[in-house]
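Q: pasting the structure only:
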RNA sequence: GCCGCGUUGGUCAAGGGGUUAAGACGCCUCCCUUUCACGGAGGAAUCACGGGUUCGAAUCCCGUACGUGGUACCA
């Protein structure tokens, strides 16, 4: 194992885990595995006020379902634990203090009200959101503006304060992003971000840098929404540990709404009728349920494949990849710069491909679960296997197995009589009565024999097979869908087939 | 507003100075299938705009437009 490659996935447990998050995790995982390194899950739960109970376990379950289990995580530990930021709390303060000592940070005593007041006071049309920056900090209550005596007094009175980074006012901060190349910012346009909050918790900014250093992270991939705060992190690395120790960054493109523009959000899923979470997620605070790809009937392999190629491809025409193939072929320089709109039709296409390609053996258990959830008892596995083979190419989502195969296990609940009745006549009634007699006497019961006998009777009665196949299908299936009728009859067996014909005959006959 | 990032069909995308500008999803037509699918053949549809550089630009440079992200004691 190449221990020098250590990639971390650091989601926040405040908003659950949606598409963009899973994809970030996936790319982290693929990169780590591709280089024989380690994939680390670290939870960024420094915001206790918005912390959502259960979210951390949920994230780990989703990753497990996707087959991308981390080498180090809150659940399984590792050499650099704990993997929960809230449990690392005592370690952060010293770094913030160190920055104050070296002149790269300062204490700020401004209350939330004072900050609000400042923003209102300096807000203009040209500057709708005034920042706590190198200009405004001169006007605020902090260790830069307060006299030594005043500062000592406030400290001894234990007045709450935060530690802010002191942004240089005229520097160009440059770093190389693995996807975007050289990216640079002017320090003067950046604000003095809070590093340590009044409650002693670090903000994300301090925590990522310290954690990445302590966990010896070599590569840090995250969503593009983090790009604007990258300069803070670069500076922190420079001041604390040296930029030469800094991990390599990659800022992943966003996954966008299918309609209009903007980052894909949970709301969009509800609105447009598709999942944005890997698995069902019930917010314990609101009780709201967001359906997941898993519950919606996606195979994890299809989900992972779909996600991987949403923003990456290997340069060839290939679209279908197993996790192993992805691991082998993945490279950061093939990741796109621009965001991709999510397309549920395409996502379903992937699932369809995986269902079609799946072996009946592998599908046995999942299909059984789908059917049993709908109240269908599966006794024998042999017919089920045949059924799966017959219907899987018409199933896009796992739930489709119910519609496509329920009639094998129970008589159709509804019958599309409209498709039959208008053209129903005495000749057809006679034909099916003869068919029943013939089938009753038949000693063999396979699809070929059934078809042969059927057509023979058709010929004898001087009828057209096309006009009788459809009614036969409706009798057995209830509608105009499903595999070949004779295949269906073969699986149904003699008794059930004859029973369904008689039953239908009774209904059709009574309408004449 | 300011700062950052981006822009090839409706969507995902290949292509990185000379191509008839791949392929996939979706849509349409036809074939196969006496159902629905699968499969097969075909079709409509694209380099955001304006300037350069060049014999030649989707490709390199500069603008503009548009989109998007950030602008919290959230991550």
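A: Alright, I've got the coordinates. Predicted model only: the values in this text are computed from it and were never measured. Numbers count the residues shown, from 1 in each chain, chains lettered A, B, ... in the order given.

Q: going forward, measure contacts between C-alpha atoms and count neighbours the same way
A: Fine.

Q: Show the pLDDT at the residue at the greatest distance from the centre of chain A.
A: What lies farthest from the middle of chain A is residue A:460; by C-alpha atoms, centre = their mean that is 58.9 Å. pLDDT recorded at residue A:460 is 93.

Q: same check, this time on residue A:126
A: With respect to pLDDT, residue A:126 has a value of 87.

Q: Quick check: it vs RNA strand B, distance?
A: Residue A:126 is 4 Å from RNA strand B, where distance means C-alpha to the nearest atom of the strand, to the nearest Å.

Q: just residue A:354 next, same as before
A: Taking C-alpha to the nearest atom of the strand, one finds residue A:354 at 11 Å from RNA strand B.

Q: and the helix or strand that contains that residue, which residues are buried?
A: Secondary structure assignment for residue A:354, by DSSP states H and E: helix A:344-357. Under the neighbour-count criterion of 16 or more other C-alpha atoms under 10 Å, helix A:344-357 has A:344, A:347-348, A:350-356 buried.

Q: swap in stretch A:431-450?
A: By 16+ other C-alpha under 10 Å, the buried positions in stretch A:431-450 come out as A:431-436, A:439, A:445-447, A:449-450.

Q: Just those residues: which are in helices?
A: A:431-436, A:439, A:447, A:449-450 (DSSP state H).

Q: quick check, nearest of those to RNA strand B?
A: The closest of those to RNA strand B turns out to be residue A:447 (C-alpha to the nearest atom of the strand; 12.1 Å).

Q: what's near enough to touch that closest one?
A: Residues in contact with residue A:447 (C-alpha atoms under 8 Å, 6 or more residues apart in numbering) are A:486-487, A:489-490.

Q: ok, now with 6 Å
A: Listed by C-alpha atoms under 6 Å, 6 or more residues apart in numbering, the contact set of residue A:447 reads A:486-487, A:490.

Q: Spell out which parts of the stretch 301-450 of chain A neighbour RNA strand B.
A: The stretch 301-450 of chain A comes close to RNA strand B at residues A:309-313, A:315-319, A:334, A:336-343, A:345-346, A:349, A:393-395, as judged by C-alpha under 7 Å from any atom of the strand.

Q: Could you check how far residue A:54 is from residue A:81?
A: Distance, residue A:54 to residue A:81, using C-alpha to C-alpha, to the nearest Å: 20 Å.

Q: For these two, work out which one has more neighbours and name it.
A: residue A:81 (18 against 15; other C-alpha atoms under 10 Å).

Q: And the helices in the stretch 301-450 of chain A?
A: A:323-329, A:344-357, A:360-373, A:381-391, A:400-409, A:426-441, A:447-460 (DSSP state H, counting those that start in this stretch).

Q: Not counting the third one itself, show me its contacts.
A: Taking contacts as C-alpha under 6 Å, 6+ apart, the residues outside helix A:360-373 that touch it are A:385, A:388-389, A:402.

Q: can you give me phi and psi for residue A:231?
A: Dihedral pair for residue A:231: phi -60, psi -40, per degrees, to the nearest 10.

Q: What pLDDT is listed against it?
A: pLDDT for residue A:231: 96.

Q: which residue packs closest to it, ignoring adjacent ones?
A: In this structure, residue A:231 finds its nearest non-sequential neighbour in residue A:173, 6.3 Å apart by C-alpha to C-alpha, 6 or more residues apart in numbering.

Q: Now look at the helix or strand that contains that neighbour and say if it contacts RNA strand B.
A: Here residue A:173, judged by DSSP H and E, is contained in strand A:172-177. No: applying C-alpha under 7 Å from any atom of the strand, one finds strand A:172-177 out of contact with RNA strand B, separated by at least 9.2 Å.

Q: Close to RNA strand B: what parts of the stretch 51-200 of chain A are there?
A: Residues of the stretch 51-200 of chain A lying close to RNA strand B by C-alpha under 7 Å from any atom of the strand are A:109-112, A:115, A:125-131, A:160-162, A:180, A:182-186, A:189, A:191, A:193-194, A:197-199.

Q: Most neighbours of all the contacts of residue A:447, which one?
A: Counting neighbours by other C-alpha under 10 Å, the top entry in those is residue A:486, with 22 neighbours.

Q: Surely that one is in a strand?
A: No: under DSSP: H, G, I helix; E, B strand; the rest coil, residue A:486 falls outside any strand and is assigned helix.

Q: Now do the same contact list for it.
A: residue A:447.

Q: ditto for the one 4 residues further on
A: Remark: with contacts taken as C-alpha under 6 Å, 6+ apart, residue A:490 is in contact with A:446-447.

Q: That one: what secondary structure?
A: Of the three states, residue A:490 takes helix under three-state DSSP.

Q: Read off the pLDDT value for it.
A: So residue A:490 comes in at 96 (pLDDT).

Q: Can you give the distance of the helix holding residue A:354 from its chain's centre?
A: Distance of helix A:344-357 from its chain centroid, counting by C-alpha atoms, centre = their mean, to the nearest Å, is 15 Å.

Q: From the contact counts, what lies against that helix?
A: If you count contacts as 3 or more C-alpha pairs under 6 Å, 6 or more residues apart in numbering; DSSP states H and E, helix A:344-357 packs onto helix A:300-308.

Q: thinking again about what came up before, the residue nearest to residue A:231 - how many residues pack around it?
A: Neighbour count of residue A:173, defined by other C-alpha under 10 Å: 16.

Q: Retrieve the pLDDT associated with it.
A: pLDDT, read off for residue A:173, is 94.
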